Every structure is written in structure tokens, then in C-alpha cells.
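Novice: I would like the atomic coordinates for the input below:
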Amino acid sequence: MSAVLMRAAFAVGLLVLTTIIVYLGRYGYRDNARPGQPLNLLASFYYSAVTLSTTGYGDIVPVSNAARLVNTLILTPIRVVFLILLIGTTLEVLAERTRAIWRVSRWRSKMAGHTVIVGYGTKGRSAVMTLREAGLPVSSIVVVDILPQAVAEANRIGLAGVTGDGTRREVLVFAEIATANRLVIAVDRDDTAVLVALTARQLRPDVAVIAAVREAENESLLRQSGASSVVVSSAAAGRLLGLATVEPGAGRVMTDLLDRTGGLDLTERAASASEVGRPARDACSGLIAVLRQGLVLAIDDPRADRIEEGDRLVVVSGAASAGQR
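Specialist: I've put the predicted structure just below:
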């Protein structure tokens with residue numbers, strides 16, 4: 001868009017320059033609407049416009065040798081540049097539109113098992129960054145946002161994007177929610193998050209929905225709307241602030257766990273065959289919790305005395321060793 005605006009400004013500049021040139025030589029032109037009178041500024045502007053656009057009605061014509069020479073040596077090259085500018089801009093817009101249509105049709109034809117992220121603000125960008133650091137390719141992420149500039153920003157890093165309201169069925173359908181594995185809701189308003197979850201559940205009852213809300217009181221409402229997992233952003237930030245205030249060291253550890261580029265990394269994996277049947281305390285180093293049928297079990301929980309088949313383990317490890325897995 002900026003390139004088109006620059007070209008439009010340059011075209012206007014050429015038109016103004018031509019008007020000045022014609023007006024300076026106004027006595028060398030004949031205006032059939034005002035016989036015997038030199039061109040005024042409006043007539044000069046009019047003649048410049050129809051000349052540069054090659055319309056040429058013939059109501060104003062150069063009659064003096066000087067005016068004809070100026071038209072031949074100066075105005076004709078300006079006209080050629082103006083036409084090249086006009087045609088080039090048109091072709092560029094059409095080509096960009098064709099490329100956009102082609103990109104959309106290409107990713108839509110290949111999308112399956114992907115992740116749809118509704119909202120590409122601070123939370124959405126952070127979610128994308130974490131997914132990419134976890135090894136998810138950009139080709140398997142689709143961003144939905146109501147702001148075209150946000151979608152354009154996502155496109156610049158290789159993400160597929162859909163401009164539209166994530167609460168609308170047709171927008172989620174266009175984002176191929178029917179074949180997605182996960183839906184991440186990272187919008188700014190809690191009521192919007194609820195509507196997105198309800199719409200997604202209507203279209204895909206089995207898709208995993210992970211949502212963020214600002215207020216803790218809306219967590220249960222979002223779960224009732226179909227969210228599989230809910231993160232309360234304001235409460236989480238508040239707890240981190242409180243922890244960093246009273247226990248600065250623990251606060252730094254928590255912050256480091258949330259930053260995948262830090263020294264510590266928090267990962268989740270399935271329990272291996274060699275770990276099944278063993279107590280959680282002795283299963284592996286760095287184990288801090290066991291996930292079982294939607295429950296989070298601490299390693300000192302009596303129910304974690306024996307790791308069962310199908311359990312998932314949450315492990316703290318060094319970021320470097322985590323990246324080697």
C-alpha cells in the first residue's frame with residue numbers, strides 16, 4: 001500500500017509539473033472555448049490531465065512553434081513516464097492480489113492438523129513464538145485477526161492469515177477449523193473469547209480449545225462454553241508479581257520457566273514403558289507433576305505412588321538439554 005501511495009504522489013507531481021509548464025507557455029495554445037485568450041490556470045490543468053492520460057479531446061491545441069516543441073521534447077517524455085507509472089501500479093496491484101489469492105488457496109488445500117490462533121496481539125504473538133520454539137512449523141499455524149495490519153504482520157513471518165472476526169462462523173470455516181487440531185483464543189476481551197469458543201464448539205465439537213481470559217470470574221464461563229484449557233492472564237501475572245515480591249529467587253525461577261530461551265525449560269511428555277509402575281519420585285529427574293485423566297498430581301500425592309500407562313509427565317530440565325530432545 002505504501003508503494004502505491006508513493007506512486008500516486010509521484011503521478012500527481014508529474015501532473016502539477018506539466019500544468020506549470022503549460023501555463024508558462026499559455027500564449028502558445030488555442031482554447032476553442034475561449035478564442036483569442038491565453039490559457040488560464042484551470043485550462044492549463046485540464047489540458048495537462050487529458051494530455052498525460054492520452055485522452056486528447058482536441059479542444060485545446062498548441063499552435064506556436066515553441067508550444068509544439070515543448071510538447072514534443074518535454075511533455076511527451078513526461079506522458080510516457082506517467083503511463084508507465086499508471087500501468088505499472090495497476091499491474092502490481094493485480095499481481096499482489098493474484099499472489100494473495102494463490103497463497104490462500106495453497107495453504108487451505110494443504111491444511112490439516114494445524115493450529116488456529118484467534119487474536120494476534122501481544123498474547124497471540126507470544127503463543128506463536130512459543131509454538132515455533134517448540135518445533136511447530138509456521139506452515140501449520142493459521143492466524144485470525146480482525147485487523148488487516150495484524151494479519152499482514154503474521155504473513156511477513158510466513159504464517160497463513162485470515163482477516164475477520166473470529167466469532168463469526170464463516171471466518172473460522174475459512175481458517176479450516178474443520179481439520180484443525182487446536183484452537184488458541186488470544187483475544188483482548190473475555191466476552192469475545194466466550195463467543196469464539198461457542199462458535200468453534202458448534203463447528204467442531206472435538207477440537208481442543210485453549211483460551212486466555214483477563215478475569216478469573218470468567219474462567220468457569222469459558223469452560224462451560226467449551227474451552228478445554230483456560231489461562232487467567234491477569235491472575236497469573238498478579239501471582240508472579242506477588243511471588244517476585246516476597247520470594248525474588250522463586251519469582252526468577254518462574255519467569256525463567258516461562259521463557260524458553262532461559263536456562264530452565266518446562267516440558268510435557270508421555271510416560272515411557274520403563275517408568276510405568278514406578279513411584280513418581282523415582283521415575284525420572286526433574287519430574288514435578290503427573291497428568292492423569294485431567295488431574296494434576298504432585299509427585300508426593302499418594303495417587304502418584306505408581307505411574308500408570310497413559311500418564312503424562314511434566315519435567316523441568318535445562319533449556320539446552322530440552323532442545324536436544
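
Novice: Let me see the backbone angles for residue 143.
Specialist: With angles defined as degrees, to the nearest 10, residue 143 sits at phi -100, psi 140.

Novice: Next up, the contacts around it.
Specialist: Neighbour list for residue 143: 117, 120, 124, 128, 150-151, 154, 159-162 [criterion: Cβ atoms under 8 Å, 6 or more residues apart in numbering]. Bear in mind the C-beta positions are built from the backbone N, C-alpha and C, glycine included.

Novice: try residue 305
Specialist: Taking Cβ under 8 Å, 6+ apart as the test, what residue 305 contacts is 279-280.

Novice: change it to 10 Å
Specialist: With contact taken as Cβ atoms under 10 Å, 6 or more residues apart in numbering, residue 305 is in contact with 278-281, 297, 299.

Novice: List the ones among those that fall in strands.
Specialist: Counting by DSSP state E, the part of the contacts of residue 305 found in strands is residue 297.

Novice: Closest to residue 59 out of the contacts of residue 305?
Specialist: residue 297 (89.3 Å; Cβ to Cβ).

Novice: Beta-bridge partners for the closest one, please?
Specialist: residue 290 (DSSP bridges).

Novice: Surely it touches residue 281?
Specialist: No. Using Cβ atoms under 10 Å, residue 297 is not in contact with residue 281; the gap is 11.8 Å.

Novice: list the residues that contact both of those two?
Specialist: The contact sets of residue 297 and residue 281 overlap at 304-305 (Cβ under 10 Å, 6+ apart).

Novice: Give me the buried entries from the contacts of residue 305.
Specialist: With burial judged by 16 or more other Cβ atoms under 10 Å, the buried subset of those is 280, 297, 299.

Novice: want to throw those residues into CSV with pLDDT?
Specialist: Listed next are these as CSV, based on pLDDT from 0 to 100:
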residue, pLDDT
280, 86
297, 89
299, 86
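
Novice: Pick out whichever of these sits closest to residue 191.
Specialist: residue 297 (33.9 Å).

Novice: ok, so what distance separates that closest one from residue 231?
Specialist: 20 Å (Cβ to Cβ, to the nearest Å).

Novice: got it, and residue 277?
Specialist: Taking Cβ to Cβ, one finds residue 277 at 33 Å from residue 231.

Novice: Compare neighbour counts for those two and give me the winner.
Specialist: Each of residue 277 and residue 231 has its neighbours counted (other Cβ atoms under 10 Å); residue 231 has more, 17 against 12.

Novice: pretty sure that one is in a strand, no?
Specialist: Yes. Under DSSP: H, G, I helix; E, B strand; the rest coil, residue 231 falls within a strand.

Novice: what bridges to it?
Specialist: Residues in beta-bridge contact with residue 231 (DSSP bridges): residue 212.
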